[in-house]
Each structure stands twice: as structure tokens, then as C-alpha cells.
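Peer 1: Let me see the structure of the following:
(chains A, B, C and D)
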Number of protein chains: 2
Amino acid sequence: MEQTQDEHPKGGVASLSVEGVLVGHGRVPKHVQVREYVRGLVREAQPGTAAPSERELVHQFHVARMTVRQAMDSLVAEGLLERIPGRGTFVAHPRRTVGRMRSFTEEMGSRGMLAESQTLLARRETAGPGVARALEMTAGDPVIHWRRLRRADGHPMCVEDAYLNEVLLPGFLQSGMPTSLYEALADRGLRPTWAEDSITADVANADEGRLLEIPAGGPVMRHSRRALAVEKIVEVSRSVYRGDRFTMWVQLGRET
Amino acid sequence: MEQTQDEHPKGGVASLSVEGVLVGHGRVPKHVQVREYVRGLVREAQPGTAAPSERELVHQFHVARMTVRQAMDSLVAEGLLERIPGRGTFVAHPRRTVGRMRSFTEEMGSRGMLAESQTLLARRETAGPGVARALEMTAGDPVIHWRRLRRADGHPMCVEDAYLNEVLLPGFLQSGMPTSLYEALADRGLRPTWAEDSITADVANADEGRLLEIPAGGPVMRHSRRALAVEKIVEVSRSVYRGDRFTMWVQLGRET
DNA sequence: TAGTGGTCTAGACCACTAT
DNA sequence: TAGTGGTCTAGACCACTAG
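Peer 2: Residues are numbered from 1 along each chain as shown, chains lettered A, B, ... in the order given. The predicted structure follows:
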């Protein structure tokens, strides 16, 4: 058959993407439209629920089967669907997730605890050599320093010093400190997607002991993070956790 | 054209998979053969090196372009190649790896240190409730308990208690303790591919202090790991690291 | 202008599962 | 036997890059 893209024997130019009717001259590829349609169908379905069969989608969208397969392939690749030859395509059972990055709030939430934050300090500073190197800036460059006492269910859990590249966040301090740092970054198109963490054990100094309500010299975990948004380092933080109350969880995969 | 699979207008039934000639009646799908051919070409190439173009592979293997694309798709998905529209397909630049699982030996090696181990204890025991739960066994089941003092460049770094499911490892103790636990597991088809780690800060007790050559009450990091090989939990370990000498590094990704 | 990857078609035969 | 996913063909037009 001659290729007359976007023009079907029956139907001609389609209109809106409702119930299997594709946008005719849109620049959204058909396989993307099919993919998003299926994603919507499946979004809140139980694992094991059957997805539409490939030939069913072929008829529904009036596209070739390879186009449908392309759509399904990507959903399978991202772990949303799984194919069982001879049986069909089904909503995948949750797989083991590897090292998912979380904010303090998310971390506590996943443990069934309520996270709270108390700002101890929020100001513009000039970067010292350590912070500058971590943020890939030059010593003396302006940074935002935000120190918070973080509680879980009302109990002190850690003291966090976050340093942000002010150049990437003009007017950040003036707009009032947000409830969630990561959401505030996301609002500016700097949602952190990758982090390097380091963790070491230490003892609390007097200040830390006072804030965390433990004796000076008590065990603490020091946690440092470099958070990146699209190849840009947006946040560097150093946190001191109570050693008696906080355990860090990590999931790791091993390459084949 | 009529579908006469594995029989081409020119060439007929092919022989061995050398230089683009596919196995004719083999059960290895063509896209897999093309994929592995390209993987071999590219295995040790520098990032940025051009891979063969899709049409080039079409001619070389006498297959349809969709078949070549299927092969390339999977290499792109696994991060080996990257496509640049209008330019070609290239060996991908290394991406940020997320949470890679490592053995103590690998961990120290990556820091330029030499790892050594001294076995303090290696025997058959019956699982206590905690170990049994972690190994998904029943309390009282036989486990192998292996305690090691681990050094880096000759200095004590941690004491590790590893517990192994003896049912999965018959004769393990009798065969003499291996240099590398993970390699020994791999030899038995139980190479760990996934791990759950937890890390907390604490202080050393008297025994630990003596072994690690730090004062009792000094800061330590307690690290627990559950290691899985193909859905089977093969190892559970509890390690105590010197807080003044060891920092744990983790890379994390965030889902989109 | 030639070459590349991105998208798409309208079929086909296969092995497998379920009825 | 009907239906499913797995594989495969032999083309096509498009937008984009590079010489």
C-alpha cells in the first residue's frame, strides 16, 4: 500500500483522542497516543489485570500492529506491563525498585511518621571551599544556606544544613521558605532526579546534642547529599541524624 | 510478499553467524543475532564511536529494517547505544549508575585499598528468630555463620557476621572457606543480584572495640544486608564499621 | 543532496495457552 | 480451535544533519 500517513481508508482525518480515535495531523506520534491511552487505562489497575490485547488496539485505533507493539514495548520496558506469550498482556506486579531517592518528608512518610521542619537559619552566604567544590561553584560565590531541625512525630530526628546554588534560584529567599525544598525546586524546573549520598558514623557535638536532645558524645549518623537536576547540581546538604532513632535503608542492584 | 520465513530471495538458507550471515534454521531470533553482533562490535569501543547504521545492518544481514530496529532498541534500552536523529547511532557515554551493589572487597578496591579478611568463626548453627526471618527460613533451621574481621590496607575496618541458608549451600563449610563469598556463591549459581541494606549509627561494645582497635563506646556504623540471588535470599549479614574510618557511598535515582 | 533515525503500513507464520 | 504474544517482511514518508 502506498504510504499516505495519517489518512485511513475509513475515517480520514480524525479529531480528538477519545476512545481510540487518534489526532489526525497532530505531531504526537501514534504509538505515543496509544501508549498514553493504555497507561491511562492501567494506571490504577491491580497487578495481574489484563490490558487490551494488541489486535484489539489495532482495531480500536486503526493502526498497524507494529505501532501498537511499539507502544506496548515502552510500557513493558518501564515495568508497567508484562507480556505472557499465548495469554496476553497484564499489569505488572511491582518489581524491586533500586535505590530510590527520597526527601526527608517522603522518607518519614513511608515509615508512617509525620515529618515536621523548623527553620533555624535561612540566609545568603558566600560559599566556603568545601561547599563550593560540592556545588561545582567557586569559593566566594553566593549560596543559600538553609538550616532546619527536622522532626518525626514530634521527636527530633536530624539537623540539616542545605546549601543551594543561588544563581540557579534567584529570589528564592525572598519568596519565603517553602514547606518542601524538593517541590520548590520542581516548581522552578529543577526537580532533583539523582543524588550521591555518603553516610558515616560519628558522635554529636554539644550544639547537635542540644538540638537533637541527646547527650553530647552520643552516636549520630552524618549524611551528606549532592542532588542533581538534569546535570546541574542544585543542592548540597549535610545532616546529622540521631543514631538511636534513625536507620537508613538502601536498595541496591548489581549489574549482570 | 508471501511469508516464507528464513528463506530469502537471494541467499536461501544461511549457515553460521559470521560477519552478518545469520543462522538459517536456528531458534535464535534474528533480532537477537543482530543485537549480539552489534554488542560484540561495540563492546570495547570508546563512547561516541559510531555503530553501524540501521540500513547498513539491513544489507549485511538481509533482514528487514524493523528487525534491525528491534535489535538496536534493546541495546539503546540497556544504555549501550544512543541514537541521534539525523546523525546515527553511537556508543553511549556512561550514564550515572544507580545504587550498585558491591562486596567489601570491591568496595575497598574502588577506593584504592587492599581488602583482607580474617575468619574469626565459621560453623553450622541453628537460626535464631531474627536471622530466620531475614533469611525467610524457620527458626531452628540450619544456617552457616561466618564471622570475619575485615581490614583495608592492614587496618581493621569492620567485623562482619554473615549468615547463609545452608539448604542452598550443601557442603559449603566442608569445602573450605572461600576468599570471596560472592564469587563462591556465583560458582554455585547463586550470584547475588540485589540487596537491601540498612545503616545505623551506634557505639562499639567492648568486643567490637577490641577487634576494631577503637575504644568501647566509640562511634560505629552498623550495616545490615539481605542479599538475593534470583528471588532467593542467600545471605544475611550484619557488619560493624569503624565510624572514624568508613564512609558509605550511595547513588540514588528518582523516578520520573 | 545523500544519509540517518523516527514513524508507519498491511500483511505473514510461529509457538503457546485456554476452551 | 480461537486467541495471544513473538518474530519478520518490504517497502514508505518524514525531519533532521552534514558535506
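
Peer 1: Mind pulling up the pLDDT for the residue most central in space within chain A?
Peer 2: Against the mean C-alpha coordinate of chain A, by Cα atoms, centre = their mean, the closest residue is A:Thr193 at 5.5 Å. You'll see A:Thr193 listed with a pLDDT of 85.

Peer 1: Return the backbone torsion pair for the closest residue to A:Glu82 other than its chain neighbours.
Peer 2: Excluding its sequence neighbours, the residue lying closest to A:Glu82 (Cβ to Cβ, 6 or more residues apart in numbering or on different chains) is A:Ala92, at 4.3 Å. For the C-beta atoms, the positions are set from N, CA and C on the backbone; glycine is no exception. The phi and psi torsions at A:Ala92 (degrees, to the nearest 10) take the values phi -70, psi 150.

Peer 1: And for A:Asp207?
Peer 2: Taking degrees, to the nearest 10 as the convention, A:Asp207 sits at phi -60, psi -50.

Peer 1: Could you check how far it is from DNA strand D?
Peer 2: Distance, A:Asp207 to DNA strand D, by Cβ to the nearest atom of the strand, to the nearest Å: 54 Å.

Peer 1: Direction-wise, compare the helix or strand of chain A with the lowest mean pLDDT with strand B:247-253 and give the angle.
Peer 2: Between all helices and strands in chain A, the lowest mean by mean pLDDT, DSSP states H and E belongs to strand A:247-253, at a mean of 85. Comparing the axes of strand A:247-253 and strand B:247-253 via axes from the mean of the first three to the mean of the last three Cα atoms, to 10 degrees yields an angle of 60 degrees.

Peer 1: Render the CA-only coordinates of strand A:247-253 in PDB, please.
Peer 2: The C-alpha atoms that make up strand A:247-253 are tabulated as PDB, following Å, rounded to 0.1, in the frame of the first residue of the first chain:
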ATOM      1  CA  THR A 247      18.200   3.800  60.200                       C
ATOM      2  CA  MET A 248      18.800   4.400  56.600                       C
ATOM      3  CA  TRP A 249      17.500   2.000  54.000                       C
ATOM      4  CA  VAL A 250      19.100   1.400  50.700                       C
ATOM      5  CA  GLN A 251      18.200  -1.000  47.800                       C
ATOM      6  CA  LEU A 252      21.000  -1.900  45.500                       C
ATOM      7  CA  GLY A 253      21.200  -3.700  42.200                       C
END
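
Peer 1: Straight-line length of stretch A:235-253, end to end?
Peer 2: Stretch A:235-253 has an end-to-end distance of 25 Å (criterion: Cα to Cα, to the nearest Å).

Peer 1: Show me which residues of the stretch 1-150 of chain A sit near DNA strand D.
Peer 2: By Cβ under 7 Å from any atom of the strand, the part of the stretch 1-150 of chain A that sits against DNA strand D consists of A:2-3, A:5, A:51, A:53-56, A:65-66, A:69, A:83-89.

Peer 1: rerun at 10 Å
Peer 2: Contact residues, the stretch 1-150 of chain A versus DNA strand D (Cβ under 10 Å from any atom of the strand): A:1-6, A:27, A:50-59, A:64-66, A:68-69, A:72-73, A:76, A:81-90.

Peer 1: Drop anything exposed from those residues.
Peer 2: Using 16 or more other Cβ atoms under 10 Å in any protein chain shown as the burial test, these include A:51-52, A:54, A:57-58, A:68-69, A:72-73, A:81-83, A:89-90 as buried.

Peer 1: Surely A:Leu57 and A:Val38 touch.
Peer 2: Yes: A:Leu57 is in contact with A:Val38 according to Cβ atoms under 8 Å; the separation is 7.3 Å.

Peer 1: hey, what's in contact with both of the two?
Peer 2: Residues touching both A:Leu57 and A:Val38 (Cβ atoms under 8 Å, 6 or more residues apart in numbering or on different chains) are A:Ala71.

Peer 1: Relative to DNA strand C, which residue of the stretch 51-200 of chain A is the closest?
Peer 2: A:Gly86 (2.8 Å; Cβ to the nearest atom of the strand).

Peer 1: so where does that residue fall, helix or strand?
Peer 2: In the assignment (DSSP states H and E), A:Gly86 maps to no helix and no strand.

Peer 1: Now do the buried residues in stretch A:234-251.
Peer 2: A:234-243, A:245-246, A:248, A:250-251.

Peer 1: who's in contact with the least confident helix or strand of chain A?
Peer 2: Counting by Cβ under 8 Å, 6+ apart, A:96-100, A:199, A:221, A:223, A:241, B:98-102, B:193-200, B:250, B:252 sit against strand A:247-253.
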